[in-house]
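Asker: how would this look folded up:
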Amino acid sequence: QVQLEESGGGLVQAGGSLRLSCADSGRIPRTSVMGWFRQAPGKEREFVAAISWGGTVTKYADSVRGRFTISRTGAKNTVFLQMNNLKVEDTAVYYCVADGRAATGWLNANPNELNYWGQGTQVTVSS
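Answerer: Next comes the predicted model:
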């Protein structure tokens with residue numbers, strides 16, 4: 001059963017922007033931390049960004065800090081990832097993730113230990 005559903009991926013030129021969205025089907029705990037991981041071809045999944053339940057704590061990977069912004073709505077578990085100044089190396093499948101782990105712990109988390117995952121959305125950045 002689908003618990004997290006991503007949208008907003010696509011093809012964009014380097015320097016462009018995309019906004020990813022992720023909606024919760026209502027089955028994940030409402031106080032979950034939410035965030036994004038990505039996986040490029042031939043590479044391991046890597047942390048991108050996370051946001052606390054109340055939205056007051058955000059964490060970013062060094063590779064995206066200053067270019068990506070994570071946010072979430074208060075009414076329901078919907079999280080967004082605004083991606084600006086995209087680079088070719090940002091090309092990957094982006095996964096929405098939710099877990100009870102604090103946002104500060106996501107940077108070094110084992111992805112296999114995070115509870116809820118979406119199906120992923122492809123982001124392709126061309127040069």
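Asker: low pLDDT regions in the chain?
Answerer: 1-2, 74-76 (pLDDT under 70).
Asker: roughly how far apart are the residue most central in space within it and residue 72?
Answerer: With distances taken as C-alpha atoms, centre = their mean, residue 36 lies nearest the centre of the chain, 1.9 Å away. Counting by C-beta to C-beta, to the nearest Å, the separation of residue 36 from residue 72 is 11 Å. All C-beta spots, glycine's among them, are computed from the backbone N, C-alpha and C.
Asker: what touches both of these two?
Answerer: residue 79 (C-beta atoms under 8 Å, 6 or more residues apart in numbering).
Asker: rewinding a little: following element in sequence after the helix or strand harbouring the residue nearest to the centre of the chain, please.
Answerer: In this structure, residue 36 sits in strand 33-39 according to DSSP states H and E. Tracing the chain C-terminally past strand 33-39 and defining elements by DSSP H and E, one meets strand 46-51 next.
Asker: may I see the buried residues of that following strand?
Answerer: 47-51 (16 or more other C-beta atoms under 10 Å).
Asker: and for stretch 30-41?
Answerer: 32-38.
Asker: for that stretch, report the contacting residues that lie outside it.
Answerer: Contacts for stretch 30-41 (C-beta under 8 Å, 6+ apart): 20, 22, 24, 45-53, 59, 70, 72, 77, 79, 81, 89-103, 106, 111, 114, 116, 120, 123.
Asker: about what we covered before: which residues does the residue nearest to the centre of the chain bridge with?
Answerer: Counting by DSSP bridges, residue 36 forms beta bridges with residue 49, residue 96.
Asker: so how far is residue 109 from it?
Answerer: Noted for residue 36: a distance of 13 Å to residue 109, by C-beta to C-beta.
Asker: which parts of stretch 6-21 are buried?
Answerer: Of the residues in stretch 6-21, 6, 8-9, 12, 18, 20-21 count as buried by neighbour count, 16+ other C-beta under 10 Å.
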